[in-house]
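[1] quick one: sequence and predicted model below, then my questions.
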Amino acid sequence: MIYVTKSSLPEFDEYAAEIRDIWESHRLTNMGPKYELLREKLGALLSAEQFELVSNGHMAIELALQALELEGEVITTPFTFASTTHAIVHCGLTPVFCDIDPADCTMDADKIEQLITPETAAILPVHVYGRICNIERIAQIAEKHHLKVIYDAAHAVGETYKGKGPGAYGDLSTFSFHATKVFSTCEGGGVSCSSAKIKERLYTLQNFGINMNAEVVDIGLNSKMSELHAAMGLCNLRHLGEMIEARKKRVELYQENLKDCPGIEMLQEQEHVVSNYAYFPIFVHKEEIGMDRDQVCALLYEKGFFARKYFYPLTSEFPCYQGKFPIQETPVAHERSVQVMTLPLYPDLEEENIMEICRILRSLGK
Ligand SMILES: *Cc1c(COP(=O)(O)O)cnc(C)c1O
């Protein structure tokens, strides 16, 4: 069975060498030297002025919301992983769902202003599949209405937009280093920001509210990254360039073999973006091939390929949110969620498997 992804690991000996000094120092966690080194290196890669490492990408979003001390409504996208919406709700805020642009599946910036109310505190878009949001337009709207912007940049590690990493944009950006992401620390996450004061709050909040002077100044929690996780990150970071290059080759092979494939739509490349090739989503057009997305997924599964319905359903359609708050209509997001599937993609995915998947897709409706 070929799965949709496979976690990248360094050579065992490389990791063993990286953790040797942890065995000597017995320094396992609490912002140790591995954490500090990874924080510096990743912050630079992401073009973050300020950067904090945390235990995972979900906590990165919750901590970002807490650090800004927001109240009220947050305009966000329903076309995302559960985490984005859950984080907003866990923080006592109300998600307000904005529709997406079908061309790249990110928040449709032209539909934001009509959702702004006196309760609106922030905009929380997602660089979904590593597609960069309409950063300039969102910044303009936020400035005009005095709103904060937090990007869920979980998918965007290793990318640049106009020559800068995603950590340079928004008031804060949050990152995931989960095992299934392009860059992994097994479990891990980070938050970038430009304000030193916010960075200090993030540090304090993830450490029980204890600040650098050992005073408890915030009602914090525990979301620290351990030294073993940071060591995994230091190893994987050395290979990130090669990994993205290998993904790129595979994406290009898909693109070459699926162009002009009836019923299968791919997303276009974005201007000014150097991609990390995190995912390879396709959209199934039933009217052209007489098969819907679920049927195409099932057919691939029969042949040993596990594609994922990512993102389906919309987070606003989850059973846990029924009746919880008014849910805005987002017809474009709904349609995309019914068409979409992501195909297997990882750095050592065999070329032959990609060719076979493309052969199957090209034979649909014939
Ligand atoms: C993976 C992911 C998260 C959560 O990250 P974890 O590290 O798994 O907690 C949040 N948002 C999006 C869009 C994600 O894909």
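    Thanks, I have it.
[2] tell me, what's the model's pLDDT at K366?
    With respect to pLDDT, K366 scores 79.
[3] next: P319.
    The model reports P319 with a pLDDT of 97.
[4] so what's the residue of the chain found nearest the ligand closest to, chain neighbours aside?
    Across the chain, the shortest distance to the ligand (Cβ to the nearest ligand atom) belongs to G57, at 2.4 Å. All C-beta atoms are positioned from the backbone trio N, CA, C, and that covers glycine. Once flanking residues are discounted, G57 sits nearest to S176: 2.5 Å by Cβ to Cβ, 6 or more residues apart in numbering.
[5] check contacts around the residue of the chain closest to the ligand.
    By Cβ atoms under 8 Å, 6 or more residues apart in numbering, the residues touching G57 are 83, 154, 174-178, 181, 188-189.
[6] hang on, the earlier thing: how about the residue nearest to G57: which residues does it bridge to?
    S176 has the following beta-bridge partners by DSSP bridges: G189.
[7] if I look at it, how far off is M232?
    S176 sits 14 Å away from M232, taking Cβ to Cβ, to the nearest Å as the criterion.
[8] out of those two, which sits in the more crowded spot?
    The neighbour comparison of S176 against M232 (other Cβ atoms under 10 Å) goes to S176, with 29 against 25.
[9] which residues in the stretch 251-366 of the chain form strands?
    For the stretch 251-366 of the chain, the strands defined by DSSP state E, counting those that start in this stretch occupy 264-266, 273-274, 281-284, 340-342.
[10] show me the one of these that comes nearest E113.
    Closest approach to E113 among the strands of the stretch 251-366 of the chain (Cβ to Cβ): strand 273-274, 24.7 Å.
[11] centre of the chain versus that closest one, how much separation?
    Taking Cα atoms, centre = their mean, to the nearest Å, one finds strand 273-274 lying 16 Å from the centre of the chain it belongs to.
[12] what does it rub up against?
    Contacts with strand 273-274, where a contact means Cβ under 8 Å, 6+ apart, come from 131-132, 159-161.
[13] go through the helix or strand hosting L234 and flag the buried ones.
    In this structure, L234 sits in helix 227-238 according to DSSP states H and E. Neighbour counts over helix 227-238 (16 or more other Cβ atoms under 10 Å) mark 227-237 as buried.
[14] so what pLDDT did the residue of the chain closest to the ligand get?
    On pLDDT, G57 comes in at 98.
[15] with the one 10 residues further on instead?
    According to the model's per-residue confidence, A67 sits at a pLDDT of 98.
[16] kindly report the same for the one 5 residues further on.
    Per-residue confidence for G72 comes out at a pLDDT of 98.
[17] then the one 10 residues further on?
    A82 is assigned 98 on the pLDDT scale.
[18] do I have it right that it meets T315?
    Yes. Under the criterion of Cβ atoms under 8 Å, A82 makes contact with T315 at 5.9 Å.
[19] dump stretch 344-364 to PDB, restricted to CA.
    C-alpha atoms of stretch 344-364 as PDB (Å, rounded to 0.1, in the frame of the first residue of the first chain):
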ATOM      1  CA  PRO A 344       0.700  10.400  -2.500                       C
ATOM      2  CA  LEU A 345       3.800  12.600  -2.200                       C
ATOM      3  CA  TYR A 346       7.000  12.200  -0.300                       C
ATOM      4  CA  PRO A 347      10.700  12.600  -1.100                       C
ATOM      5  CA  ASP A 348      11.400   8.900  -1.900                       C
ATOM      6  CA  LEU A 349       8.100   8.000  -3.500                       C
ATOM      7  CA  GLU A 350       9.000   5.800  -6.500                       C
ATOM      8  CA  GLU A 351       8.600   7.300  -9.900                       C
ATOM      9  CA  GLU A 352       6.800   4.100 -11.100                       C
ATOM     10  CA  ASN A 353       4.100   4.700  -8.500                       C
ATOM     11  CA  ILE A 354       3.400   8.200  -9.800                       C
ATOM     12  CA  MET A 355       3.200   6.900 -13.300                       C
ATOM     13  CA  GLU A 356       0.800   4.200 -12.300                       C
ATOM     14  CA  ILE A 357      -1.500   6.700 -10.400                       C
ATOM     15  CA  CYS A 358      -1.500   9.000 -13.500                       C
ATOM     16  CA  ARG A 359      -2.300   6.000 -15.800                       C
ATOM     17  CA  ILE A 360      -5.300   5.200 -13.600                       C
ATOM     18  CA  LEU A 361      -6.500   8.800 -13.500                       C
ATOM     19  CA  ARG A 362      -6.100   9.200 -17.300                       C
ATOM     20  CA  SER A 363      -8.200   6.100 -17.900                       C
ATOM     21  CA  LEU A 364     -11.200   7.400 -15.900                       C
END
